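Participant: Requesting a structural model of the entry that follows:
(chains A and B)
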2 protein chains.
Amino acid sequence: MCELFAMSAGQPADVGDSLLRLMPRGGEIGPHADGWGVAYYEGRAARVFKEPAPAAESRLLPLLARHKLTSRAVIAHIRKANPAVFGRASANTHPFEREWNGRSWVFAHNGKLPDLDRGDDCPTGRYRPLGDTDSELAFCLIMNALVKATRLGADRLPPDQLVGIIWPVVEALAGLGEFNFILSDGEHLYAHAHTNLHVLHSRANGENVTLLATAPLTDEPWRRLPAGMIHVFGDGADVTLPHWSGGPAMPVGLMQAMHGARMVC
Amino acid sequence: MCELFAMSAGQPADVGDSLLRLMPRGGEIGPHADGWGVAYYEGRAARVFKEPAPAAESRLLPLLARHKLTSRAVIAHIRKANPAVFGRASANTHPFEREWNGRSWVFAHNGKLPDLDRGDDCPTGRYRPLGDTDSELAFCLIMNALVKATRLGADRLPPDQLVGIIWPVVEALAGLGEFNFILSDGEHLYAHAHTNLHVLHSRANGENVTLLATAPLTDEPWRRLPAGMIHVFGDGADVTLPHWSGGPAMPVGLMQAMHGARMVC
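Facilitator: This next block holds a predicted model:
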């Protein structure tokens, strides 16, 4: 499995302390030794750093953590290759990134999707995997659904519309295994709590900061996120609307448009 | 302006020495102090490291250079922001990367395109800039031309077809200023020599290695590449065909399909 970490903040904030707490779980006190990555948003673009090697042994990660890099949206991941055949490689290391409509989209996954057919390499989809993982293929399926549902050059999607579009894909993928993920466009974090994802809200210097993590990183009052829905965070606050759980408020047309994840390519 | 560096090799090779020679030109003995970046291909995927800060002062760049990272295709760049209004930002730092057909495509530019209309943000194109530079917009125009000319999920283009497709765009862009660039899909380097680009061939351990650079990095016999054409390198060797200069051998239909760079969006 793997561990996720993310941050949303009203003003640029430094996540160095959190990264230094995550680091030893990547091969020292935790088994996630097959890679690590961090994406820091700088406006519409993400700066992504990753290594297909243990976080706990990295010289780059502590350099980044102590560099006082600040951002309003960060996604990080430490990886345990599973199955091991999809081994250590940069292309298999989260977070993954693609450009869409002039913004970086970044994705990281905790869990596994053993029933996802990797053989079907999305031949007709705009986004295709660079590596071997179920995670990157799932990301491509989500992004392809967004492209398919929107007009080229259209304005940015409001979060409720975005969640409405991706929910059928997310639901289908979650049915193929375990699918906790965090997706971002730099403005919002979209966090799918399937089995295990924790949140910590705080206020620093009058600004909201939200941290997400697979397992709490501190003794503070982290809260387990309700499962089976996509939570949305922006400017450090929870902006999730109730109907984003995929309940009856979801437009029926969208559900009808869904014919299984593989056909969303 | 900026400086380009690239390497193609038959077997994975270490470019650390070259990067350490390039580094002081990024703010110490050269004026290219606004950012640096290196893309190392690992199979179909590129590992891209960049900082919007002087290479000469970077702690990360020497770490990479001495890390014994090996690759068969590398593209590096040191940047001098020009015009200065498109300032230091990760999104303005070369090389740029996009995924197409399951491969990373990487691009870096030396020169400037003052007559390229940045206001036209490629509203109908698949690839859109994340930053402000003429360089990234030019890259998007080239990639959009490739997408437009090929079927979704088609096989990889042979280099001669690829050059045939992008040549009209490249020629139009070169007419808008100065346009030395290196583009790669990890298998080939496509190097457009417009005004100034140098090459050095060597053989190490029986393998071909080709280095490209704006200005020679050593006292070895670097050669100025003939201008006005796209040179192609693969497995460390020059595999350019004569008609890739865009001469009469280019299919007439492709020339007719070209209505100026901005319409290729």
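
Participant: all helices for the stretch 151-265 of chain A, in order.
Facilitator: Counting by DSSP state H, counting those that start in this stretch, the stretch 151-265 of chain A has these helices, from start to end: A:159-174, A:252-256.

Participant: Quick one: list the elements packing against the first one.
Facilitator: This points to helix A:159-174. Judged by 3 or more C-beta pairs under 8 Å, 6 or more residues apart in numbering or on different chains; DSSP states H and E, helix A:159-174 is in contact with helix A:134-149, strand A:188-193, strand A:229-234, helix A:252-256. Where C-beta positions appear, they are placed from N, C-alpha and C, glycine not excepted.

Participant: for the ones you listed, which one sits closest to chain B?
Facilitator: The minimum distance between chain B and the helices and strands packed on helix A:159-174 falls on helix A:134-149, with 8.7 Å, by C-beta to the nearest C-beta.

Participant: by contact count, what packs against the closest one?
Facilitator: Under the contact definition 3+ C-beta pairs under 8 Å, 6+ apart, helix A:134-149 sits against strand A:96-100, strand A:103-110, helix A:159-174, strand A:180-184.

Participant: Show me where the stretch 1-150 of chain A has its helices.
Facilitator: Under DSSP H, counting those that start in this stretch, the stretch 1-150 of chain A gives helices at A:16-22, A:60-65, A:134-149.

Participant: looking at those, which is buried most?
Facilitator: Ranked by mean neighbour count, the helices of the stretch 1-150 of chain A are led by helix A:134-149 with a mean of 23 (mean count of other C-beta atoms under 10 Å in any protein chain shown).

Participant: Quick check, central residue of chain A?
Facilitator: A:Ile182 (2.3 Å; C-alpha atoms, centre = their mean).

Participant: ok, that residue touching A:Tyr190?
Facilitator: Yes: A:Ile182 is within contact range of A:Tyr190, at 7.0 Å (criterion: C-beta atoms under 8 Å).

Participant: if we can go back for a sec, out of the helices and strands packed on helix A:159-174, which comes closest to B:Leu225?
Facilitator: helix A:134-149 (36.6 Å; C-beta to C-beta).

Participant: angle of that closest one against strand A:188-193?
Facilitator: 120 degrees (axes from the mean of the first three to the mean of the last three C-alpha atoms, to 10 degrees).

Participant: Work out the gap between helix A:134-149 and the centre of the chain.
Facilitator: Distance of helix A:134-149 from the chain centroid (C-alpha atoms, centre = their mean, to the nearest Å) equals 12 Å.

Participant: now swap in stretch A:64-71 and tell me
Facilitator: Counting by C-alpha atoms, centre = their mean, stretch A:64-71 is centred 20 Å from the centre of its parent chain.

Participant: Only alpha carbons, please: show stretch A:138-157 as PDB.
Facilitator: What follows is stretch A:138-157 as a C-alpha-only set of coordinates in PDB (Å, rounded to 0.1, in the frame of the first residue of the first chain):
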ATOM      1  CA  ALA A 138      -7.100   5.300 -12.900                       C
ATOM      2  CA  PHE A 139      -5.900   8.900 -13.000                       C
ATOM      3  CA  CYS A 140      -6.000   8.800 -16.800                       C
ATOM      4  CA  LEU A 141      -9.600   7.400 -16.800                       C
ATOM      5  CA  ILE A 142     -10.700  10.300 -14.500                       C
ATOM      6  CA  MET A 143      -9.000  12.900 -16.700                       C
ATOM      7  CA  ASN A 144     -10.400  11.300 -19.900                       C
ATOM      8  CA  ALA A 145     -13.900  11.500 -18.400                       C
ATOM      9  CA  LEU A 146     -13.400  15.200 -17.700                       C
ATOM     10  CA  VAL A 147     -12.100  15.900 -21.200                       C
ATOM     11  CA  LYS A 148     -15.000  13.900 -22.700                       C
ATOM     12  CA  ALA A 149     -17.600  15.800 -20.700                       C
ATOM     13  CA  THR A 150     -16.400  19.300 -21.500                       C
ATOM     14  CA  ARG A 151     -15.900  21.500 -24.400                       C
ATOM     15  CA  LEU A 152     -12.400  22.300 -25.500                       C
ATOM     16  CA  GLY A 153     -11.300  25.600 -24.100                       C
ATOM     17  CA  ALA A 154     -14.300  25.800 -21.800                       C
ATOM     18  CA  ASP A 155     -14.100  27.800 -18.500                       C
ATOM     19  CA  ARG A 156     -13.000  26.100 -15.400                       C
ATOM     20  CA  LEU A 157     -15.500  23.700 -13.900                       C
END
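
Participant: what's next to that stretch, contact-wise?
Facilitator: By C-beta atoms under 8 Å, 6 or more residues apart in numbering or on different chains, the list of residues contacting stretch A:138-157 from outside reads A:96, A:98, A:100-101, A:103, A:105, A:107, A:109, A:113, A:116, A:122, A:125-129, A:162, A:165-166, A:168-170, A:173, A:179, A:181, A:183, A:185, A:187, A:261-262, A:264-265, B:123-126.

Participant: before we move on, the earlier item: relative to B:Leu20, tell me which of the helices of the stretch 1-150 of chain A wins on proximity.
Facilitator: Using C-beta to C-beta, the nearest of these to B:Leu20 is helix A:60-65, at 17.5 Å.
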